[in-house]
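> Requesting a structural model of the entry that follows:
(chains A and B)
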There are 2 protein chains.
Amino acid sequence: MTVTVPQGFRAAGITVGLKASGGRDLALVVNDGPAYASAAVYTGNRAQANPILWSRAVAATHTAHAVILNSGGANCFTGDFGYETTRLTAETVAATLGGAFSPEHIQVCSTGLIGHGGHDFRDRIITGVPALVDALGDHGDLAAAAIMTTDSVAKTAAHHHPDGWTIGGMAKGAGMLAPGLATMLVVITTDAVLDDAALDRALRHATGSTFDRLDSDGCMSTNDQVTLLASGASEVRPEEAEFAEALAAVCDDLAAQLQRDAEGASHDIDIEVVGAATVEDAVVVGRSVARNNLFKAAIFGNDPNWGRVLAAIGTTDADFDPYRVDVSFNGVRLCHAGGPDRPVEECDLTPRETRVRIELFAGDRAATIRTNDLTHDYVHENSAYSS
Amino acid sequence: MTVTVPQGFRAAGITVGLKASGGRDLALVVNDGPAYASAAVYTGNRAQANPILWSRAVAATHTAHAVILNSGGANCFTGDFGYETTRLTAETVAATLGGAFSPEHIQVCSTGLIGHGGHDFRDRIITGVPALVDALGDHGDLAAAAIMTTDSVAKTAAHHHPDGWTIGGMAKGAGMLAPGLATMLVVITTDAVLDDAALDRALRHATGSTFDRLDSDGCMSTNDQVTLLASGASEVRPEEAEFAEALAAVCDDLAAQLQRDAEGASHDIDIEVVGAATVEDAVVVGRSVARNNLFKAAIFGNDPNWGRVLAAIGTTDADFDPYRVDVSFNGVRLCHAGGPDRPVEECDLTPRETRVRIELFAGDRAATIRTNDLTHDYVHENSAYSS
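You can find the predicted model right below:
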C-alpha cells in the first residue's frame, strides 16, 4: 500500500536522532529502473526552504532517481549553511548509491521547524546515509513512518491497474495545510512506462484538484513537495488519460488522509460549491469559507451557522448574487435565496464528517474544498509545538 | 468622553428586549444643528445587512441627521421583511422626532446574529422608538452601552481642540474584526463647522489608517458602519488638515479599544512593517501575518515563532527578498537576513502588549496592523456564541 508497491523501487526509513521522540526520521526512496522518469511540484510560498531551492534547481535539468526525506527539521531560513547541508546530503546519497547516480538526480525534502538545521542536524543526516542505503528494501511503510512530524498515523495509498501497472504513494502533513501547493511531503511511485512530460501533465492535473483544494488552516508551508517517480518496470505503457485518472485518485486518497489527521481537528469539512460560473470561482468561494475562523469555530461547536458562510463568501469577487444563494449543512437546506430556510435544529453536526453545500446559481461549475474545524486542540497543539 | 461631548447633540440608550442579557439594546444619536453635515463609510462585504442597504441608499442623496442603532440582531439575510423593518424604523424615528426630519435623514445600524430580525425584533424596535426619543439628552454613555454585543466594555473617545471645537465618538466591536471597513459600529460627532465633502475626506483618511488596519480575526462583517455627524454648534471652522488629524486620533483611540476587547484575546499584537516599497505592500505583509493562525496560536503560547512570520509573508506578492528580512519581537531581533539572530529565550512575550517589527529593506514606507492572538477563549466564545 505504499511507494514500494510498484516494481523497480526500494525504500528505507531509519532513526538518526533528528526527532526528540526518537522515532524514525530519515527516509529514502530509490528508483532502480529500468527507466528513470520523474515530475515534481513545489510550494507556491516565496519563502522556500533550502531543500526546495535545491530540488527545484536540479529538477530543471535532471531526472529524479531518488528522494531523501527527513523529519525533525525544515532546514528553512538556515542560510548558506543550510543550503550546503542539502547539497552535501544529495552528494552523499549519490556517492553511497554509486552507479550512474549524480547529486543532481537526488531530490531532497525536509520537514519540521523552520530555522532548525544546524551542525548537529547536518551531521546526523550525513553520517546516517550509509545505514539508510544499507536498509533499502521493500520498506515503503518504514519510509512513510520516517517522514511523520505531528502526524498521528502514516499515510499511504496504492492503485493496481488491471493492465499490470501500479501506483504507490506516501504522504505526511498535519499542520500548515493550505495550498499552492498543498503543504506536505508526498512521494508517488509507478512502474508504468511514461516519459517526463506525461508525468508532469498528470501530476499537475492531479495535485490541482486534490492537494491544492485541501486547506485545513490557511497556512502555506515553506517545504511542500510532491515528487513522482516512474521506473517503467511493468513494461506497460498506459493511456495517458487513464494514468492521470488513477494518479488523481491516489492523490485524492492521500489528501483525504491528510484532512482526517489535521492537527486538533474534530470535524472533516467538505465545502462543496456548485452552480459557479467558473471552477476558479467555486474554489475561491470554498476557500473563503475554509479560511473563516468564525465558521470553523462554529462547526467545532456543532453550530450550523449559515450566516458566517454568507459573510465569508461575500468577501470574494466571485460571480454570484449573495441574496440568491442556498446553503445546506449535511443535507439540510438552512438558507434559501439568502434567507433562513429549514430550522437549524434539523441539522446534526455531531458526526466528524461534515458537508457544507453552497449553490451559487451563477453557472454549472463546481469544486470541493476540504478543511477542518478550529478547535481547542488546534490552538493547544500550535501554541506549544515549538516549545 | 463620547458622542454628546460636542455641542448640538443628544443621545439615548434604552432597553427594548432585543438582547437575552436584558441590557440596553437600542440607541439614538441626534444632531440638533444648527448645521447638518455628515459622512459615512460602510462594510466592504458584498453580503450586506438590510440596515447597510438602507443607510447607503439614503446617504447617497440625503445628509444624515440622526443614527438609530440596535444590538441583539443584525437584520442581515432576513429578506424583504428585514428591509421593511429598517425602513419602518427610519420612518418611525423621523415621525417621532418631528420637525424637518424625513426618513431619509435617518441612518440605521444593527449588530448581533446574522439571520436574526423577525416579527418580534421589528415590534420591539418600532414600539420602543417613542421611549427612545423621550430619553434623549446628554446620554452618550448610555448610547455606547446600548450598542454592545460581546463587548466587555463600552468604547468612547473625545478630542477637545483649543480653538473651541470638539469631537466625540463611540464604538462597538469584539468579533468579526477585520476590515474593509473595520467590522464594528461607530458614531462620531463634532460641533466643528465643516461641509459634507470635507467630512467625507477626513473620515476616509481616518478610517483608512485606523479601523482598516485593525484585523483581529480576519472575518469581515456584514453590518459595519462608521457615521460622522457635524452640528456646527461651536461656530468654529477648523483647518481641514487639523480636523482630519484630530479625527484620525479619535478613530485610532477607538480602534485600540476594539483591539484590547477582542473576543478571547490574551495578546494585543501590533505588527509594524517598515522598509516597504509602498504603504500597500506594508499593509499586505502585515495583514498576512495577522491572519496566520499558526502565528496567532504561537503568540498565545508566548512563543516568538519568527519562522511562521516568514512563512506568512512569503505568501504575498509584496516587493521584498524573503532572505533579507529582519524580524523583531518586543524589541529583540530574532531573525536577521532571513536567518536566526538573537536566541528566542531573550524575548519575553508574557505582557499583553506585543510588538512584531518586520523590516523588508525594500523602501521607506511603513504601516502597522493591529491584531490579536488565537486562544482557547476565542474558540470557546465563537463556537458557543449563537447557541
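
> Tell me which residues touch the residue lying closest to A:Gly314 once chain neighbours are set aside, please.
Using C-beta to C-beta, 6 or more residues apart in numbering or on different chains and skipping the chain neighbours, the partner closest in space to A:Gly314 is B:Ala47 (2.8 Å). In short, each C-beta sits where N, CA and C put it, glycine included. Residues counted as contacts of B:Ala47 (C-beta atoms under 8 Å, 6 or more residues apart in numbering or on different chains) are A:310-311, A:313-314, A:322, B:76-77, B:222.

> Please look at A:Val187 and A:Thr227 and confirm they touch.
Yes - under the criterion of C-beta atoms under 8 Å, A:Val187 lies in contact with A:Thr227, with a separation of 5.2 Å.

> Now for those two: what residues contact both?
Here A:Val187 and A:Thr227 share the contacting residues A:67, A:109, scored by C-beta under 8 Å, 6+ apart.

> Can you pick out the residue with more neighbours from these two?
Between A:Val187 and A:Thr227, counting by other C-beta atoms under 10 Å in any protein chain shown, A:Val187 is the more crowded of the two (32 against 24).

> what about chain A, any weak spots by pLDDT?
A:174-183, A:384-387 (pLDDT under 70).

> A:Ile52 contacts A:Thr43, doesn't it?
Yes - using C-beta under 8 Å, A:Ile52 makes contact with A:Thr43 at a distance of 6.2 Å.

> Quick check: closest non-adjacent residue to the residue of the stretch 51-200 of chain A found nearest chain B.
At 2.7 Å from chain B, A:Ile114 is the closest residue in the stretch 51-200 of chain A, using C-beta to the nearest C-beta. The shortest distance from A:Ile114 to any non-neighbouring residue, by C-beta to C-beta, 6+ apart, is to B:Gly307 (2.7 Å).

> The one you found: what's it in contact with?
When contacts are counted by C-beta under 8 Å, 6+ apart, B:Gly307 is found next to A:74, A:76-77, A:113-115, A:222.

> Please, a ChimeraX command that selects the buried ones among those residues?
Provided next is the ChimeraX selection string for whichever of these are buried by 16 or more other C-beta atoms under 10 Å in any protein chain shown:
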select /A:74,76,77,113,114,115,222
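
> of the contacts of B:Gly307, closest to B:Ala277?
The closest of the contacts of B:Gly307 to B:Ala277 turns out to be A:Phe77 (C-beta to C-beta; 21.7 Å).

> Point me to the helix or strand that includes the closest one.
Assignment of secondary structure by DSSP states H and E places A:Phe77 within no helix or strand.

> right, and it touches B:His336 too?
No - A:Phe77 is not in contact with B:His336 according to C-beta under 8 Å; the separation is 10.3 Å.

> who's the closest residue in space to A:Leu254 that isn't next to it in sequence bridged to?
Distance criterion C-beta to C-beta, 6+ apart; nearest residue to A:Leu254, sequence neighbours excluded, is A:Ala171 at 4.3 Å. Judged by DSSP bridges, the bridge partners of A:Ala171 are A:Lys155, A:Val186.

> Quick check: A:Ala171 vs A:Thr2, distance?
Between A:Ala171 and A:Thr2 the computed distance is 10 Å (C-beta to C-beta, to the nearest Å).

> one step back: are there residues contacting both of A:Ile52 and A:Thr43? Which ones?
With contacts defined as C-beta under 8 Å, 6+ apart, the residues adjacent to both A:Ile52 and A:Thr43 are A:222-225.

> Among these, which lie within strands?
Among the shared contacts of A:Ile52 and A:Thr43, the residues falling in strands (DSSP state E) are A:Gln225.

> Which stretches in the stretch 101-250 of chain A count as strands?
Ranges of strands within the stretch 101-250 of chain A are A:106-110, A:155-160, A:166-172, A:185-190, A:225-230, based on DSSP state E, counting those that start in this stretch.

> Name the strands paired with the first one and say parallel or antiparallel.
Partner strands and pairing direction for strand A:106-110 (DSSP bridges) are strand A:66-70 (parallel).

> What residues of the lengthiest helix in chain A count as buried?
For chain A, the helix that runs over the most residues, judged by DSSP state H, is helix A:240-260. Taking 16+ other C-beta under 10 Å as the neighbour-count basis, helix A:240-260 is seen to contain the buried residues A:240, A:243-244, A:246-248, A:250-260.

> Could you do stretch A:308-317 as well?
Of the residues in stretch A:308-317, those buried by neighbour count under the rule 16+ other C-beta under 10 Å are A:308-316.

> May I have that stretch exported as PDB, CA atoms only?
Once side chains and other backbone atoms are set aside, the C-alpha atoms of stretch A:308-317 remain, and they are given as PDB (Å, rounded to 0.1, in the frame of the first residue of the first chain):
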ATOM      1  CA  ARG A 308     -21.000  33.000   8.800                       C
ATOM      2  CA  VAL A 309     -20.900  31.200   5.400                       C
ATOM      3  CA  LEU A 310     -22.600  34.100   3.700                       C
ATOM      4  CA  ALA A 311     -20.400  36.600   5.500                       C
ATOM      5  CA  ALA A 312     -17.400  34.700   4.300                       C
ATOM      6  CA  ILE A 313     -18.400  34.300   0.600                       C
ATOM      7  CA  GLY A 314     -19.400  38.000   0.500                       C
ATOM      8  CA  THR A 315     -15.800  38.900   0.800                       C
ATOM      9  CA  THR A 316     -14.900  37.300  -2.600                       C
ATOM     10  CA  ASP A 317     -15.200  38.800  -6.000                       C
END
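
> hmm, back to that, the residue nearest to A:Leu254: neighbour count?
Using other C-beta under 10 Å, the number of residues around A:Ala171 comes to 29.

> tell me, what residue is most central in chain A?
Centroid check for chain A by C-alpha atoms, centre = their mean gives A:Met184 as the closest residue, at 4.1 Å.

> Chain A: helices as residue ranges?
In chain A, helices defined by DSSP H lie at A:50-59, A:79-97, A:119-134, A:140-146, A:196-209, A:240-260, A:279-290, A:293-300, A:306-313, A:376-384, listed in chain order.

> Good, we can wrap up now.
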